[in-house]
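Enquirer: everything below, folded, please.
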Amino acid sequence: QVQLVESGGGLVQAGGSLRLSCAASGSIFSIDAMGWYRQAPGEQRELVAVIISGGNTNYADSVKGRFTISRDNAKNTVYLQMNSLKPEDTAVYYCNAGLTTERGLRLNHYWGQGTQVTVSS
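Expert: So this is what the prediction gives:
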C-alpha cells in the first residue's frame with residue numbers, strides 16, 4: 001500500500017506565501033519524479049511543477065519565479081514553496097509521484113488526495 005499525504009494548504013491574501021508538503025509512504029522501492037498539479041473549479045488539472053530524482057525541475061510558465069519545488073529523497077517528501085500568490089493560484093493542489101513498489105509494480109501517476117489553496121484579493 002502506498003500513500004501520498006499532502007499538507008500546508010489554506011487561505012492566504014494575495015502577495016502572501018504558503019508551503020505545501022507531500023510525504024510518500026508505504027511499500028515503496030524507488031521514486032522517480034514527484035510533482036504538483038492543480039485544478040481550479042471548472043478547469044482541467046494542470047501541471048504546476050515537477051522534480052525528478054536527479055534534481056532537475058520544470059515549472060508551468062504561470063508560476064516561474066514565484067514557486068519553488070524541492071524534495072527530500074531520504075524522507076520521500078516533496079515541497080512546493082509558493083510566494084507572491086495571486087487569486088488565480090486558487091485551486092486544489094495535488095501531489096503526484098512516479099514510483100516503483102517493493103513488489104516491482106510501476107505506478108506512473110500516483111495521486112494524493114489534494115489540498116485546497118485559496119488566495120483572496
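Enquirer: helices or strands next to the helix or strand bottoming out on mean pLDDT in the chain in the packing?
Expert: When the helices and strands of the chain are compared on mean pLDDT, DSSP states H and E, strand 106-111 comes out lowest with a mean of 92. In this structure, strand 106-111 makes packing contacts with strand 2-7, strand 91-101, judged by 3 or more C-beta pairs under 8 Å, 6 or more residues apart in numbering; DSSP states H and E. (Glycine included, C-beta is placed from N, CA and C.)
Enquirer: please identify the most buried of these.
Expert: Mean neighbours per residue, mean count of other C-beta atoms under 10 Å, is largest over those for strand 91-101, with a mean of 20.
Enquirer: note down every partner strand of that strand and its orientation.
Expert: strand 28-39 (antiparallel), strand 106-111 (antiparallel), strand 115-120 (antiparallel) (DSSP bridges).
Enquirer: outside of the second one itself, list whatever touches it.
Expert: Counting by C-beta atoms under 8 Å, 6 or more residues apart in numbering, strand 106-111 makes contact with 2, 4, 94-101, all of which sit outside it.
Enquirer: same question for the first one.
Expert: Around strand 28-39, the neighbours that count as contacts under C-beta under 8 Å, 6+ apart are 2, 20, 22, 24, 45-53, 69, 71, 73, 76, 78, 80, 89, 91-102, 104, 114, 117.
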